[in-house]
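**Student:** coords please:
(one chain, ligands or ions: 1)
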Amino acid sequence: MQEHPEHTVGSYLDDAAAILSIGAETARLDAEVLMGMVLRRPRSFLHAHPERHLDPGEAAEFEMLVRRRFSGEPIAYISGVREFWSMPLRVNRHVLIPRPDTELLVEKALVRTPEDEGVRVLDLGTGSGAVALAIARERPHAEVIGVDNSPEALRIARLNAQVLKIDNVSFLESNWFDAVRGQKFHTVVSNPPYVINRDEYLMAGELRFEPQDALAGGDDGLECIGAIIDRAHNYIVRQGWMLLEHGAEQQRAVHRLLEAQRYYDICCYQDLAGLDRVTECRFVE
Ligand code: GLN
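**Tutor:** Predicted structure coming up:
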């Protein structure tokens, strides 16, 4: 970055926004988030005090953060937080960054999850805990279990539960249903990896910073979804529901897999962009 004769918040922000605009559409916002991190102040402070001087330590830290962002690293990994369901969640490179589209999964799962005492919910591949925590917060009488096969992800999920003081959720290390054998749930939810393995999308842009294990769903993208569908009916109470997030092109394939295993009331919902994103179903023996 250039030398700043004024060394002010405003001049550093202008410069960083210009640099970041080469790669990111949210350049100004990103620059402000990074400056806020350095100064440990909200963005409103930056707007109110553009003339505030940066000392050399602050300037160096800011420039380092701008460099990380310029290399393509998602702002959520640099800042370590991402908002989901109005909750600030801790995230790091071991977990997928929660997407706004996944709020649809929460919204539809809540419709199918009664508010009663004793209701049990299972979230498969919980990552940062986003879906499990949102449901637990909205259903304080329910017992929510989030499972993941990554111990690093579970550390983040547990930290989120602790920081947000949500205590009706627990997190278990598990290969899908392994750690909950013999148990039954009213609602099973999952946002599993469903991107096609060699999809160039995986290697593009910011996605390359995210855990590939949390994104890649095999050659057809349906490996994990298929494994869940095969086993889920053993874990759902009679008339209970399962809700799965999937790719926009996978709706028909998911529908077929569910029908083949005698799930019924199969219904697909569209995300904010109007794309098929969440399929729900129930199971009867
Ligand atoms: N919706 C995510 C994306 O397209 C993928 C999430 C997933 O694989 N579970 O980036």
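
**Student:** contacts only, for the closest residue to the ligand within the stretch 1-150 of the chain.
**Tutor:** Using Cβ to the nearest ligand atom, residue 99 is the residue of the stretch 1-150 of the chain that sits closest to the ligand, at 5.3 Å. Placement of C-beta: from N, CA and C, glycine included. If a contact means Cβ atoms under 8 Å, 6 or more residues apart in numbering, then residue 99 has no contacts.

**Student:** go on, residue 127?
**Tutor:** For residue 127, counting by Cβ under 8 Å, 6+ apart, the contacting residues are 95, 96, 98, 148, 150, 153, 156, 157, 191, 214.

**Student:** doesn't it belong to a helix?
**Tutor:** No. Assigned with DSSP: H, G, I helix; E, B strand; the rest coil, residue 127 falls outside any helix and is coil.

**Student:** for it, give me phi and psi.
**Tutor:** phi 60, psi -120 (degrees, to the nearest 10).

**Student:** just say helix, strand or coil for the residue nearest to residue 205 when sequence neighbours are not counted.
**Tutor:** Nearest in space to residue 205, with sequence neighbours left out and distances taken as Cβ to Cβ, 6 or more residues apart in numbering, is residue 72 at 6.5 Å. Per three-state DSSP, the secondary structure class of residue 72 is coil.

**Student:** i'd like the first residue to be 48 from this point on
**Tutor:** Renumbered: residue one is now 48, and that last one reads residue 119.

**Student:** now residue 119: how far from residue 180?
**Tutor:** In this view, residue 119 and residue 180 are 28 Å apart by Cβ to Cβ, to the nearest Å.

**Student:** and if you look at residue 263?
**Tutor:** For residue 263, the distance to residue 180 - Cβ to Cβ - is 24 Å.

**Student:** check residue 218 too.
**Tutor:** For residue 218, the distance to residue 180 - Cβ to Cβ - is 10 Å.
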